[in-house]
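1. please find the sequence and the predicted model below.
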Amino acid sequence: MKWLLLIILLVPCLAGAEEARPLTDNPQAEARLKHLAVELRCLVCQNQTLADSNAPLAEDLRREVREMIAKDMSDKDIIEFLVTRYGDFILYRPPLKATTTLLWLGPFVLLIAGVAALVLALRRRQKKLVDLSLSEDERKRVAQLLSEGANRL
Amino acid sequence: MNRFLLPLAAFLVVVGFLAVGLTLNPRELPSPLVGKPAPAFSLPQLHDQAKVFSPNEMTGKVWLLNFWASWCGGCKEEHPVLLHLAKSGEVPIYGVDYKDTRDEALAWLRQHGNPYPLTAVDEAGRVGINYGVYGVPETYVIDKTGVIRYKQIGPLREDTLQAKILPLVRELQNQ
Amino acid sequence: MIPEIGHYALILALCVSVVLGTLPIYGAAVGNSMLMSVAKPAARGQFLLILLAFCCLAYAFAAKDFSVLYVASTSNSQLPIQYRLAAIWGAHEGSLLLWVFILSIWMVAVSFLSTHLPEAMRARILGVMGLVSMGFLLFMLTVSNPFERLIPAAFDGRDLNPLLQDPGMVIHPPMLYMGYVGFSVAFAFAIAALLGGTLDATWARWSRPWTTVAWCFLTIGVAMGSGWAYYELGWGGWWFWDPVENASFMPWLAGTALIHSLAVTDKRGGFKAWSVLLAILAFSLSLLGTFLVRSGVLTSVHAFATDPKRGLFILVFLAVVIGGSLILYAWRAPRVGLGGGFSLVSREGMLLTNNVLLIAALGAVLLGTLYPLFLDALDLGKISVGPPYFDTVFVPLMTPAIFLMGIGPLAQWKKATLPALAMRLRWAFAVSAATALTLPFLIGKWTPLISLGLLLAIWIVTTSVVGLRERLAHADGSSLMGRLAAVPRSYWGMLLAHCGVAVFIVGVTMVKGFEVEQDLRMNVGETSTVGGYTFRFDGVREVKGPNYIAARGTFHVSQDGREVTVMYPEKRRYTVQNQTMTEAAIAPGLMRDLYVSLGEPVDNGAWSVRLYHKPFIDWIWGGCLIMALGGVLAISDRRYRLAWRRKEADLPAATQMARQTVS
């Protein structure tokens, strides 16, 4: 009820409504934070990004990243800072290294192998089908039968 | 080889990995800090705000650094193990009170007992970040030269203590 | 008493499944028609028993019987009835019962709709499905019994996870399971054909409609899961490449490949061994999904509470079912005949190339999902594979597939020529390229990905138009209506499903390219303009739900001074589990969604608020719905209805014959 009353009281002053402020004072820094944080994994609730998570650690890490942005550190340095503490696990985009080569190249290797297998399989089929086709004698016999059929009509 | 056996072979590989996967915990992260020097810090002490604690005071000793908090359930669970270990005197356990309020932390120690010769206060959780803490309790084994040799994530249990941590501690102490 | 009846019904169902899984298959092997005829009544009897068990569990939930452990742990006396019933599949044990129940529904459907199949084939199909259900019933009765008693009974239940207290959750799991489990029919057809050595074009013709129906359900199920994530998780995302999402997407990709390869097998008799392998693969991936969700080997937002014993059981079951089928495949497939010949540039060739692309995409999803597990098992460190990876590899794999989608349906069977195809498609290509290049500028922003997305979507639509025009030119009938009616429904179904993909791509492209998001600190009375809409925050008040307390915000939304809508996002606290949930408010629309999500109170009645303008996002799910409708249209085609009728005519003869054999 109290809220309702408040709203009714507030309605007259809504005419000259003010523009809401962004949550932070520095929208550019925030955009950069967001850009970084969507590719980082929250370590507490492990299936959210650092940008989406409300876990206290995620908030602390966002604060940490904000400070690094304020210090004008490069994206690479910021990521480096996090990886030395939490390992590659924090990166949603696994870095390309010896252990992840298969991960990054696997799908394309699979594609190339698949296309090659398809082409080979088609060739082999074609060959088998040709082998199955008629011999010279059989072809003559067919021609003969066909002409006999035509004569009978 | 019969190419029709390929799917079976691929499947067997996957099943093998899945079977191993059943024995692993996907939530547990190995720390990249193991084998590296313990990050330096200087934090006020819980019982005496005027004094600070810093890990380089511990050079020459093998010790455990335990991150805990009064709001953390797992800490209550491991607390008897810590108390028992402290009593045995085998290795000193230093505490870091992580993202907590001083009053609640003091009350918690009064209620449950204090295994720590000294507890430092990390109110903002920055030292925690430097140590890669992502869920309290976490316990680090640090050697005489100040290098992290082992990290326990989650509550310390008597069996891991006996099987892993104490043998490691003894080995490090003899070095 | 009632839960015990349910429990006994499950035990009896297990006994029936043992009979069903052995006698008919043995009978088919030795040609004993009496043993084979056990299949039908056994399948129906099993259905009735599982139905009874299901009703018993439903009753326990409806009657708030907290002496049943499962009921006590997933519901609460304050939980409204619709969610109490949805709680049947709200956790591990009950969702398994749903799995088995749906399997038995499919079995009954097969038993009624397969009278035109040879008796041995039908006996084998039902037998194989019986074996699958035996595994699941055994699983339930040993380590996940939903009827387990809790003594002494709980005073009240621990409540359903608030994330699942949502109308979408009432129908999403049944839909998804209809799809997952539906692939068991295609699987059983394939295994039956391998067992019987009757792997021919008729096999493909029979299993096609079943596969398509299952695929339609799965399409809807996956789309609903994504929709649920969009409005329930509160961060406006619709797909996160989470392991559980991937687990539902992989069978879909395999099923899509299967539908297309079955078309080749059916029409041209080719690639039978490949189609069989895909049928096995689609169902195997459904089972793998079940394993991933319940074993705890991967972390996920959606996973059930896990237990290694259960994981082990499913893994062994998985190994037996899939391993056994693949051994059978390796043994029997080499003897399968070849079918008609064709060149790579032909409709068959393109369908199969598309298959390769789909399977490569499937491989990418599988690899990305399991790779962290692989590395961990080899002790090579822990990594995360998330959306950036999948987006990076998925787009280049799907782009050629979608490009082919436009060409394939226009290519001739057996052999087509590229120059001729290029001639026929030159206008379609010109129109799509021109539109894709200019349209983004008109909307206001050009990026390569936006252009690519639009290109693919328009390409599908324009090539469909070309295809339809050519089809109409060749159709019988003088009037346009007559010719339209002469086009078979399966063709309309294909066009519709392909256009569904186009609609889907438009949705994804537009929302990724033009979404606007604002994080604000809003005082009561303050406004903010997002995507041309002005949101005015009119404060927050407290409301009480049946089992939660919510802070409900009021936002008046206007465009050009006219009020468009009022939105009420909520921040709910569910009292039993003391869990806070963000209930976003969404104003859906054909061209855009408005999305308001309430954050935290800041100070003096101000709140942190997230506002989104999401253009065309509903096209994502609309596209999926259209795809599924295309599938429905395809199976309503004349040839299947004819098969139906012919079968009815054949019925007396068949029965007679059976009787003769018996006597």
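-> Sure, I can see it. Numbers count the residues shown, from 1 in each chain, chains lettered A, B, ... in the order given.

2. so is the lengthiest helix in chain A next to chain B?
-> Assignment by DSSP state H gives helix A:101-132 as the longest helix of chain A. No. Contact of helix A:101-132 with chain B (Cβ under 8 Å from any Cβ of the partner chain) is absent, the minimum separation being 8.8 Å. Heads up, the C-betas are built off the backbone N, CA and C, glycines and all.

3. quick one: buried residues of that helix?
-> A:103-104, A:106-107, A:110-111, A:114, A:118, A:122, A:125 (16 or more other Cβ atoms under 10 Å in any protein chain shown).

4. over to stretch B:64-71?
-> Buried residues in stretch B:64-71 (16+ other Cβ under 10 Å): B:64-70.

5. one more: stretch B:109-118?
-> Buried residues in stretch B:109-118, counted by 16+ other Cβ under 10 Å: B:109, B:114-116, B:118.

6. dump those residues into a markdown table; add secondary structure and pLDDT as well.
-> Shown next, in a markdown table, are those (DSSP: H, G, I helix; E, B strand; the rest coil; pLDDT from 0 to 100):
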| residue | secondary structure | pLDDT |
| --- | --- | --- |
| B:Leu109 | helix | 90 |
| B:Asn114 | coil | 90 |
| B:Pro115 | coil | 90 |
| B:Tyr116 | coil | 90 |
| B:Leu118 | coil | 88 |
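
7. could I get the full set of strands for chain B?
-> Under the criterion DSSP state E, chain B carries strands at the ranges B:43-44, B:52-53, B:63-68, B:93-98, B:119-122, B:138-142, B:148-153.

8. between the ones you listed, which one is closest to chain C.
-> For chain C, the closest of the strands of chain B is strand B:148-153, at 11.6 Å, according to Cβ to the nearest Cβ.

9. what's in contact with that closest one?
-> Strand B:148-153 is contacted from outside by B:28-31, B:33-38, B:134-135, B:138-143, B:160, B:164-165, B:168, B:172, using Cβ atoms under 8 Å, 6 or more residues apart in numbering or on different chains.

10. what's the longest helix of chain A packed up against?
-> With contacts taken as 3 or more Cβ pairs under 8 Å, 6 or more residues apart in numbering or on different chains; DSSP states H and E, helix A:101-132 sits against helix C:347-377, helix C:387-407.

11. which one of those has the most crowded surroundings?
-> helix C:347-377 (a mean of 23; mean count of other Cβ atoms under 10 Å in any protein chain shown).

12. tell me what angle that helix forms with helix A:101-132.
-> Interaxial angle of helix C:347-377 relative to helix A:101-132 (axes from the mean of the first three to the mean of the last three Cα atoms, to 10 degrees): 150 degrees.

13. turn the buried residues of stretch B:64-71 into JSON lines, columns for pLDDT and distance to A:Glu64.
-> Formatted as JSON lines, those follow (pLDDT from 0 to 100; distance: Cβ to Cβ, whole Å):
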{"residue": "B:Leu64", "pLDDT": "91", "distance to A:Glu64": "26"}
{"residue": "B:Leu65", "pLDDT": "92", "distance to A:Glu64": "20"}
{"residue": "B:Asn66", "pLDDT": "92", "distance to A:Glu64": "23"}
{"residue": "B:Phe67", "pLDDT": "93", "distance to A:Glu64": "17"}
{"residue": "B:Trp68", "pLDDT": "90", "distance to A:Glu64": "21"}
{"residue": "B:Ala69", "pLDDT": "91", "distance to A:Glu64": "19"}
{"residue": "B:Ser70", "pLDDT": "89", "distance to A:Glu64": "24"}
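
14. contacting chain A as well, which ones from those?
-> Checked against chain A using Cβ under 8 Å from any Cβ, these give no members in range.

15. out of these, what pair is the most spread apart?
-> Spatial extent of the buried residues of stretch B:64-71 (Cβ to Cβ) is set by the pair B:Leu64 and B:Ser70 at 19.3 Å.

16. relative to C:Ile450, how far out is C:Leu442?
-> Between C:Leu442 and C:Ile450 the distance is 12 Å, computed by Cβ to Cβ, to the nearest Å.

17. the two: who's more crowded?
-> Per other Cβ atoms under 10 Å in any protein chain shown, whichever of C:Leu442 and C:Ile450 has more neighbours is C:Ile450, with 19 against 8.

18. does the nearest residue to the more buried one once chain neighbours are set aside sit in a helix, a strand or a coil?
-> Spatial nearest neighbour of C:Ile450, excluding adjacent residues (Cβ to Cβ, 6 or more residues apart in numbering or on different chains): C:Gly513 at 4.2 Å. Three-state call for C:Gly513 (DSSP: H, G, I helix; E, B strand; the rest coil): helix.

19. now do the SS call for C:Val297.
-> coil.

20. let me know the pLDDT of it.
-> On pLDDT, C:Val297 comes in at 75.

21. tally of neighbours for it?
-> C:Val297 sits with 28 neighbouring residues when counted by other Cβ under 10 Å.

22. pretty sure it is touching B:Thr23, no?
-> No. Using Cβ atoms under 8 Å, C:Val297 makes no contact with B:Thr23, being 9.4 Å away.

23. can you give me every residue that contacts C:Gly6?
-> C:52-57, C:60, C:146-147.

24. backbone phi and psi for it, please?
-> phi -60, psi -40 (degrees, to the nearest 10).

25. returning to that earlier point: with respect to C:Glu526, which of the buried residues of stretch B:109-118 is nearest?
-> Comparing the buried residues of stretch B:109-118 against C:Glu526 with Cβ to Cβ places B:Leu109 closest, at 46.1 Å.

26. ok, now which ones touch the closest one?
-> Counting by Cβ under 8 Å, 6+ apart, B:Leu109 has contacts B:46, B:116, B:119.

27. same check on C:Trp241?
-> C:365, C:368, C:386-387, C:389-390.

28. and C:Asn355, by the same measure?
-> C:257, C:260-261, C:274, C:278.

29. keep only those of the residues you listed that are in helices.
-> Per DSSP H, the contacts of C:Asn355 map to helices at C:257, C:260-261, C:274, C:278.

30. now, the most widely separated pair of those?
-> C:His260 and C:Trp274 (10.8 Å).

31. centroid-nearest residue for chain A?
-> Closest residue to the average C-alpha location of chain A: A:Arg93 at 9.4 Å, with Cα atoms, centre = their mean.

32. wait, A:Thr49 touches A:Leu43, no?
-> No. In this structure, A:Thr49 is not within contact of A:Leu43 by Cβ under 8 Å, at 11.3 Å.

33. could you list the domains of the chain?
-> Using chain A. A:25-95, A:99-147 (automatic domain parsing).

34. nope, chain C
-> According to automatic domain parsing, the ranges for chain C are C:1-165, C:417-515+C:620-663, C:517-616.

35. and the contacts of B:Leu109, which is closest to B:Asp100?
-> B:Leu46 (9.0 Å).

36. can you pull the contacts of the closest one?
-> Neighbours of B:Leu46 in contact, by Cβ under 8 Å, 6+ apart: B:95, B:97, B:102, B:105-106, B:109, B:118-121.

37. the closest residue to C:Leu298 other than its chain neighbours: neighbouring residues, count only.
-> Distances taken as Cβ to Cβ, 6+ apart place C:Pro243 nearest to C:Leu298, at 4.2 Å, with adjacent residues excluded. Other residues within reach of C:Pro243, judged by other Cβ under 10 Å, total 25.
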